[in-house]
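Engineer: Just the structure for this:
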Amino acid sequence: MVKTNFYREIEQNNYRTLGLFLIFFIFIMGLGWLLGWYMQDMYFGFSVTLIFGVIYALIAYFLGSNIILTLSGAKEATKPEFTAYINMVEGLAIAAGIPTPKAYVIRDSALNAFATGISPKNAAVTVTTGLLERLNREELEGVIAHEIAHIQNRDIRTMLIASVLVGIVTILSDLFFRMTLFGGGNRSGEGRGNSQIVIIILALILAILAPIIAHIIKLSISRKREFVADAHGAKLSRNPKALASALRKLKTNTEVKSASNATAHLYISSPLKKKSFWGNLFSTHPPIDERIAKLEAM
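Structural biologist: Residues are numbered from 1 along each chain as shown. Predicted coordinates:
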């Protein structure tokens, strides 16, 4: 079996993530250009894109990880009940060279975990009580190392940016559709007859497809970051097979009752009800079997 180098796996997935973000930005700039073209004012198109981007980013940033923890029903872990878990988070954070994240738990029989925090200074690791009960020490260490890797790599910030970009694309595509539908812009005087109908149809197609394409790009970024966290977490714990073993156990039950579509991408494995083929196509996580295979090849 060909062994996979930790650093090569991390580097390749980081490059893929950057590539996806580049596609994202080109896509958004294209929408800005389209708005400018329709209004016959390129400054207008790009200014609207920038304004929406800044406002949306500020709103998303200040919502903070506390909202996510509250929505998830997470409570801060306390001693002596969770002493081993708290100590494990502290030890792995020291090994990773980051401030110790706060440790939280969700009282749920499912096996799952996630990390939150825009930066390592205000981060938190959350696990379900089911995970603490079902995994042995090495497996639990592998899962927590995976979450510490997310914090160290600032993946939560990365996914926040991706979510903001999806929001911008959705707003811009909807704005363009409404402008063409209600005759906005300097081109409205020319838009009579068949040409206007064609523009409206194209705007409708854009309004439908643009958010879907943006969401698919976001999911691709999310899946790449999971592979990076697996590799980085395995490097941190020096035990990739323990994380692989934990993921194998996670296949039995990862459905967290308090999880939602808004928080699903944060978890180590999808916390939502198992989906059909088409649902899996839009999954926030890569297939567990593929992740296990990569870890066992390290």
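Engineer: From now on I want contacts and neighbour counts done on CA atoms only, so please keep to that.
Structural biologist: OK.
Engineer: ok, P101 to S258 distance?
Structural biologist: For P101, the distance to S258 equals 22 Å [CA to CA, to the nearest Å].
Engineer: Settle it for me: which of these two has more neighbours?
Structural biologist: P101 (23 against 16; other CA atoms under 10 Å).
Engineer: unless I'm mixing things up, the more buried one is touching V125, no?
Structural biologist: Yes. Counting by CA atoms under 8 Å, V125 is a contact partner of P101 at 6.3 Å.
Engineer: okay, and the common contacts of these two?
Structural biologist: V89 (CA atoms under 8 Å, 6 or more residues apart in numbering).
Engineer: longest helix of this protein?
Structural biologist: helix 194-237 (DSSP state H).
Engineer: What is it packed up against?
Structural biologist: On a contact count with 3 or more CA pairs under 8 Å, 6 or more residues apart in numbering; DSSP states H and E, helix 194-237 meets helix 6-39, helix 83-96, helix 137-152, helix 155-181, helix 240-250, helix 288-296.
Engineer: What helices and strands are in contact with the fourth one?
Structural biologist: So that's helix 155-181. Packed against helix 155-181 by the contact rule (3+ CA pairs under 8 Å, 6+ apart) you find helix 6-39, helix 42-71, helix 194-237.
Engineer: Now the element after the second one, going C-ward?
Structural biologist: Looking back up the chat, that one is helix 42-71. strand 75-76 (DSSP states H and E).
Engineer: list the helices and strands that following strand packs on?
Structural biologist: Against strand 75-76 (3+ CA pairs under 8 Å, 6+ apart) you get strand 102-106.
Engineer: Just the angle for the strand it packs on relative to helix 83-96, thanks.
Structural biologist: 140 degrees (axes from the mean of the first three to the mean of the last three CA atoms, to 10 degrees).
Engineer: what pairs with strand 102-106, and is each one parallel or antiparallel?
Structural biologist: Partner strands and pairing direction for strand 102-106 (DSSP bridges) are strand 75-76 (antiparallel), strand 124-128 (parallel).
Engineer: What mean pLDDT does the last one get?
Structural biologist: Spelled out, that is strand 124-128. For strand 124-128, mean pLDDT is 96.
Engineer: and if you look at stretch 133-147?
Structural biologist: pLDDT averaged over stretch 133-147 gives 96.
Engineer: same deal with stretch 172-185?
Structural biologist: 69.
Engineer: Export it to CSV, keeping only CA atoms.
Structural biologist: In CSV, the C-alpha atoms belonging to stretch 172-185 read as follows (Å, rounded to 0.1, in the frame of the first residue of the first chain):
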residue,chain,number,x,y,z
LEU,A,172,-26.6,39.7,-6.5
SER,A,173,-28.3,37.1,-8.7
ASP,A,174,-31.7,38.0,-7.1
LEU,A,175,-31.0,41.7,-7.6
PHE,A,176,-30.1,41.3,-11.2
PHE,A,177,-33.3,39.3,-11.8
ARG,A,178,-35.5,41.9,-10.2
MET,A,179,-33.8,44.7,-12.1
THR,A,180,-34.4,43.0,-15.4
LEU,A,181,-38.0,41.9,-14.5
PHE,A,182,-39.1,45.4,-13.4
GLY,A,183,-37.2,47.3,-16.1
GLY,A,184,-34.4,48.7,-14.0
GLY,A,185,-31.2,50.1,-15.5
